[in-house]
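Enquirer: fold the stuff below for me.
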Amino acid sequence: MRKIGGIGAVLEGLITSEAYQTHVSRTLLVGPLTPDDGEDRLQQVGSVDFSSRSGVRASPYSRIMARVSSDCDVDVVHGWRNLGHLQVEVLLVSPVASGGRHDVALKHQLYDAYGLESDRYEGEPDYDLYMGIARLHWRSSIAL
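Expert: Predicted structure coming up:
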């Protein structure tokens with residue numbers, strides 16, 4: 001998991017601020033598990049406690065993460081990223097193909113709740129990527 005441009009600097013500044021630390025007891029950064037930005041990258045900037053890819057099972061959440069990985073047929077990596085003097089929790093999940101049954105249901109829910117017109121963004125690589133991991137991250141986050 002790497003810091004990307006301005007948003008990475010903003011998040012690091014926010015998360016490490018005294019005000020944030022005073023009011024927020026737990027931070028979970030979520031993102032896609034890609035070949036370029038996965039387990040090895042997280043290991044360079046922190047630590048990996050669980051990986052369905054390499055078999056690391058040092059997390060107290062290993063059983064839960066293994067079940068999510070198996071049930072959803074995805075790879076999951078859980079660990080910690082160093083941000084200055086802090087360590088924040090990280091959850092990476094491999095994307096699934098966009099357009100599945102759950103994907104369509106999620107798009108309907110997003111339209112009903114927020115008026116998000118997903119059809120306007122179909123075929124946009126970033127939109128498809130994050131729609132492909134949204135439910136998986138939600139399920140994994142609840143499990144944690």
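
Enquirer: what ranges does this protein have for its strands?
Expert: 28-32, 46-51, 76-83, 86-93 (DSSP state E).

Enquirer: now those in a markdown table, with mean neighbour count, distance to residue 137 and mean pLDDT?
Expert: In this view, the C-beta of every residue, glycine as well, is placed from N, C-alpha and C. Below are these laid out as a markdown table (neighbours: other Cβ atoms under 10 Å; distance: least, Cβ to Cβ, whole Å; pLDDT from 0 to 100):
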| stretch | mean neighbour count | distance to residue 137 | mean pLDDT |
| --- | --- | --- | --- |
| strand 28-32 | 17 | 5 | 89 |
| strand 46-51 | 21 | 15 | 94 |
| strand 76-83 | 22 | 10 | 92 |
| strand 86-93 | 21 | 6 | 92 |
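
Enquirer: residue 128: which of these is closest?
Expert: Nearest to residue 128 among the strands of the chain is strand 28-32 (10.8 Å), distances taken as Cβ to Cβ.

Enquirer: grab the longest helix from this protein for me.
Expert: helix 125-143 (DSSP state H).

Enquirer: what is the orientation angle of that helix with strand 76-83?
Expert: Between helix 125-143 and strand 76-83, the angle comes out at 90 degrees (axes from the mean of the first three to the mean of the last three Cα atoms, to 10 degrees).
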